[in-house]
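# Here you go, sequence then predicted model.
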Amino acid sequence: MTDRLPDLIDAFAGRRVLVIGDAMLDGYVEGTCGRICPEAPVPVVDVCRSAAAPGGAGNTAANASALGAAVTLLGVTGDDTAADELGGALVAAGVSPAHLLRQAGRRTLAKRRVVAAGQVICRLDQGDTFPAAEDVEAGLIDRLSDAWAGAEAVVVSDYGYGVLTPAVIAALAGLQRRSPRVVVGDSKKLPAFRHAGLTAVKPNYPETLRLLGLDHEDHRPRAEALAGHGHRVLDLTGARVAAVTLDTEGGLVFERGRPPYRTYAAARPQSRASGAGDTYVAALAL
């Protein structure tokens with residue numbers, strides 16, 4: 001695989017990828033800290049810079065684009081300044097925000113981090129997570145149907161924030177039955193996609209434990225704890241392949257009729273782990 005990797009990555013160029021899911025804004029306010037606030041025992045951050053980046057499904061789309069794919073992103077935002085910021089961040093990443101449907105009265109999902117000397121000291125979350133309005137949902141399904149024909153692969157990025165409603169999942173399943181594609185699912189509720197014809201799924205370790213109904217207090221190495229459960233993961237999700245990410249332990253890839261395949265990871269600080277799953281699923285789909 002190591003010898004083939006450059007050729008494999010080169011082959012990503014121009015692949016047509018459709019990403020549908022919960023797009024959000026990742027904001028960063030960065031500065032230095034050298035004193036404590038007199039009003040309360042909290043650090044004072046002298047702001048040096050601020051930045052915005054696509055998050056969630058937007059991050060998946062941005063990573064697929066960075067790997068050379070031609071990406072279409074479908075999702076729902078509010079009609080607010082956070083949606084404007086997200087649109088600008090997507091354009092900067094080479095992804096069009098044209099198919100992010102704006103819903104009046106909805107607050108765009110945003111996660112803003114305050115960082116002092118490289119350390120995240122707090123995160124401010126905002127945004128609505130209720131299901132998309134019926135007219136917006138219908139518009140999303142129409143655009144999904146239109147975009148499907150031109151896609152070679154589809155990534156479902158579902159944080160459970162109201163975009164992947166039962167109607168949207170049913171529409172996706174119908175399209176997959178009529179015109180199969182490579183469909184990779186990254187969802188907090190993978191059993192909801194069991195009959196959607198997923199090619200592959202990418203749960204992380206806690207999500208896999210919940211899926212299997214296993215003890216979260218299992219103190220064995222994560223790979224050891226899950227190695228014998230690949231068939232159940234595949235049965236419960238309906239997928240042909242399951243890539244279970246294990247944080248610093250790397251991952252396990254399960255495929256029907258084959259032994260588990262173990263991958264390894266180079267550990268990074270927890271503060272740099274945000275969006276790792278989005279990055280993984282983009283590469284997995286390609």
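Nice, thanks for sending it over.

# Where is the longest helix in the protein?
helix 134-148 (DSSP state H).

# Now do it: which elements does it pack against?
Applying 3 or more C-beta pairs under 8 Å, 6 or more residues apart in numbering; DSSP states H and E, one finds that helix 134-148 contacts strand 16-21, strand 70-78, strand 100-103, helix 166-178. C-betas here are computed from N, CA, C, even on glycine.

# partner strands of the second one, parallel or antiparallel?
Neighbouring strands of strand 70-78 in its sheet, by DSSP bridges, are strand 16-21 (parallel), strand 100-103 (parallel).

# Any idea how far the last one is from the middle of the chain?
In this case it means strand 100-103. Its chain's C-alpha centre and that of strand 100-103 lie 18 Å apart, by C-alpha atoms, centre = their mean, to the nearest Å.

# Give me the contacts around it.
23, 73-79, 83, 86-87, 90, 132-133, 136, 139-140, 143 (C-beta atoms under 8 Å, 6 or more residues apart in numbering).

# Would you mark the buried spots in the host helix or strand of Leu234?
Secondary structure assignment for Leu234, by DSSP states H and E: helix 230-237. By neighbour count on 16 or more other C-beta atoms under 10 Å, the buried set for helix 230-237 is Gly230, Arg232, Val233, Leu234, Leu236, Thr237.

# Just the CA trace of stretch 63-75, in CSV.
Provided in CSV are the C-alpha atoms of stretch 63-75 (Å, rounded to 0.1, in the frame of the first residue of the first chain):
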residue,chain,number,x,y,z
ASN,A,63,-11.2,17.8,2.7
ALA,A,64,-12.5,15.9,-0.3
SER,A,65,-11.8,19.1,-2.4
ALA,A,66,-8.3,19.4,-1.0
LEU,A,67,-7.7,15.8,-2.1
GLY,A,68,-8.6,16.8,-5.7
ALA,A,69,-12.3,15.8,-5.9
ALA,A,70,-15.0,17.9,-7.5
VAL,A,71,-17.4,18.3,-4.6
THR,A,72,-21.1,19.2,-4.3
LEU,A,73,-22.3,20.0,-0.8
LEU,A,74,-25.9,19.8,0.2
GLY,A,75,-27.2,21.0,3.6
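
# In that stretch, which residues are buried?
Asn63, Ala64, Ser65, Leu67, Gly68, Ala69, Ala70, Val71, Thr72, Leu73, Leu74, Gly75.

# surely Ala57 meets Thr77?
No - Ala57 lies out of contact with Thr77 (C-beta atoms under 8 Å); the separation is 10.8 Å.

# what's the overlap in contacts for those two?
Ala23.

# follow-up on the earlier one: is it possible to export the helices and strands packed on helix 134-148 to JSON lines including distance to Ala285 and mean pLDDT?
Output for those, formatted as JSON lines (distance: least, C-beta to C-beta, whole Å; pLDDT from 0 to 100):
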{"stretch": "strand 16-21", "distance to Ala285": "6", "mean pLDDT": "98"}
{"stretch": "strand 70-78", "distance to Ala285": "10", "mean pLDDT": "98"}
{"stretch": "strand 100-103", "distance to Ala285": "20", "mean pLDDT": "98"}
{"stretch": "helix 166-178", "distance to Ala285": "14", "mean pLDDT": "98"}
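
# Which residues are in contact with Asp128?
Applying C-beta under 8 Å, 6+ apart, we find Asp128 in contact with Gly78, Arg106, Arg107, Leu109, Gly162.

# Let's see that with 10 Å instead.
By C-beta atoms under 10 Å, 6 or more residues apart in numbering, the contact set of Asp128 is Val76, Thr77, Gly78, Gln103, Gly105, Arg106, Arg107, Thr108, Leu109, Tyr161, Gly162.
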